[in-house]
Every structure is written in C-alpha cells, then in structure tokens.
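Colleague: just to be clear, the model below is a prediction. Sequence and coordinates:
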Amino acid sequence: DAGITQSPRHKVTETGTPVTLRCHQTENHRYMYWYRQDPGHGLRLIHYSYGVKDTDKGEVSDGYSVSRSKTEDFLLTLESATSSQTSVYFCAITDQYGYTFGSGTRLTVV
Amino acid sequence: AQTVTQSQPEMSVQEAETVTLSCTYDTSESNYYLFWYKQPPSRQMILVIRQEAYKQQNATENRFSVNFQKAAKSFSLKISDSQLGDTAMYFCAFMKMLGGSEKLVFGKGTKLTVNP
C-alpha cells in the first residue's frame, strides 16, 4: 500500500471559484501525478512532479496549476473552475512496480 | 507518441464463462511495460496484471491472463470463470519504463458486465 490519500473525496463548486485538491503520500515517493478521468477519454495526465518544487505539464494542463512544497503533498489548483473541469481526479505515484492511484476526487462545477 | 486503443467500449459475459478484452498499442520503443487496470464502481484503480515487453511469457494472475503479441502490438486480457465482482471498467495502459517520471498512457476503457 503506497499510502496515498486524496481530499476531498467529493466536491461541488460554482463556476469561477478557485478549487484546490490535495494528494498526500506517506512513503517518500519522488514522483507524483495528477490525472483526470472522463467518459470516453480514459485517464489523461494533467501535471506531474519529480521532486519538491519540481513540476511539469501533462497533456491537459490548461486551467490547472500544481504545487509541491513538501515531498508528501502534491496540490492541484483550478484557479477559476469551469464546467469543463467537472471530472474525477486521480493522484498517483510510481515505484518499481508501476503506478499506484489514490481513491479519486469527484469534482462537479455548477 | 504512444497510443493505446481499446476497441470494445462495452462487453458482457455470463457468470463462470470466459471473456477476452482487446487492446492494441503503438510505440517505437523496444522495451516497455503494459498494464491492465480494473475500476469497479467504488472508483478505485486496481492493478490487475503487468507485462514486461522483454518477457516472451504471458503474465498470469489467478483467473486473469494476457495474450501479449509484441510484433502485432496487441495485449488482450482473458478473464476465466467470470465472477459478479469482475463487473468493472477495464483500462489497458502503456509505460516506457518503471520508477522514473514516465507517464502512463491509457486506453479509453472497456465496461465489462458479468451477468448472473
């Protein structure tokens, strides 16, 4: 068990408001990822981190920012939420076995 | 860029029967890793099976096995003796290497329903 916790598990927010999702891991993994899951698209990479304060963009990064001030925490921020960002968001880590995912956050933007 | 294609959006099978989910991928790499993930209604992403491209032997995990055809770039998942708990979305995924910053590339998924 990679000890990955995502919070919140569910969130409803209004268009135009900022939203921050949190991913917390307890096993000192270097690499952390944020994916979004949408019907008909599978999972797509938003941003990833390869160390404290080291992050890079994925394929669907527009409208999102991330921060990693501590090894254990990787934050995903929607600066001004839009309805197109309604999705399920997964955090993940990698190790020698592959990827391990958190339990996901369902975000609804109304 | 690598791509993963799952051509069956939905499938159904009767309990205790066998079902095969298809996956093809495109890459110019010679060594890589392939995965099948299961996502039940609980939303949790669960690793079902992993295949290293340099291994000719097909991976097996209990009732789950793969048919890995490297030349054809095909990676199908066979579920034997299907159980009601196998009802889930199944995602095929590709990764160039383990342990680094490589991203996992997913197919769009196959929704499997096991009927009693």
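Modeller: Everything's here; your move. Quantities reported herein were computed from a predicted structural model and do not represent experimental measurements.
Colleague: please make it C-alpha for all contacts and neighbour counts, starting now.
Modeller: Noted.
Colleague: need the strands for the chain, in chain order.
Modeller: Because you didn't say which chain, this covers chain A. For chain A, the strands defined by DSSP state E occupy A:4-7, A:10-13, A:19-25, A:32-38, A:42-51, A:54-57, A:64-70, A:73-78, A:87-95, A:98-101, A:105-109.
Colleague: should've been chain B
Modeller: B:3-5, B:10-14, B:19-21, B:24-26, B:33-39, B:46-52, B:60-61, B:64-69, B:74-79, B:88-95, B:105-106, B:110-115.
Colleague: now the ones you listed in JSON lines, please, with extra columns for mean neighbour count.
Modeller: What follows is those, written out as JSON lines (neighbours: other C-alpha atoms under 10 Å in any protein chain shown):
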{"stretch": "strand B:3-5", "mean neighbour count": "18"}
{"stretch": "strand B:10-14", "mean neighbour count": "15"}
{"stretch": "strand B:19-21", "mean neighbour count": "19"}
{"stretch": "strand B:24-26", "mean neighbour count": "18"}
{"stretch": "strand B:33-39", "mean neighbour count": "22"}
{"stretch": "strand B:46-52", "mean neighbour count": "19"}
{"stretch": "strand B:60-61", "mean neighbour count": "14"}
{"stretch": "strand B:64-69", "mean neighbour count": "19"}
{"stretch": "strand B:74-79", "mean neighbour count": "20"}
{"stretch": "strand B:88-95", "mean neighbour count": "25"}
{"stretch": "strand B:105-106", "mean neighbour count": "24"}
{"stretch": "strand B:110-115", "mean neighbour count": "19"}
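Colleague: closest to A:Val66 out of the ones you listed?
Modeller: strand B:105-106 (20.3 Å; C-alpha to C-alpha).
Colleague: the closest residue to chain B within chain A: how many residues sit nearby?
Modeller: Nearest to chain B in chain A, going by C-alpha to the nearest C-alpha, is A:Gly42, at a distance of 4.0 Å. A:Gly42 has 20 neighbours, counted by other C-alpha atoms under 10 Å in any protein chain shown.
Colleague: in chain A, which helix or strand is least confident?
Modeller: The helix or strand of chain A with the poorest confidence is strand A:98-101; it has a mean of 89 (mean pLDDT, DSSP states H and E).
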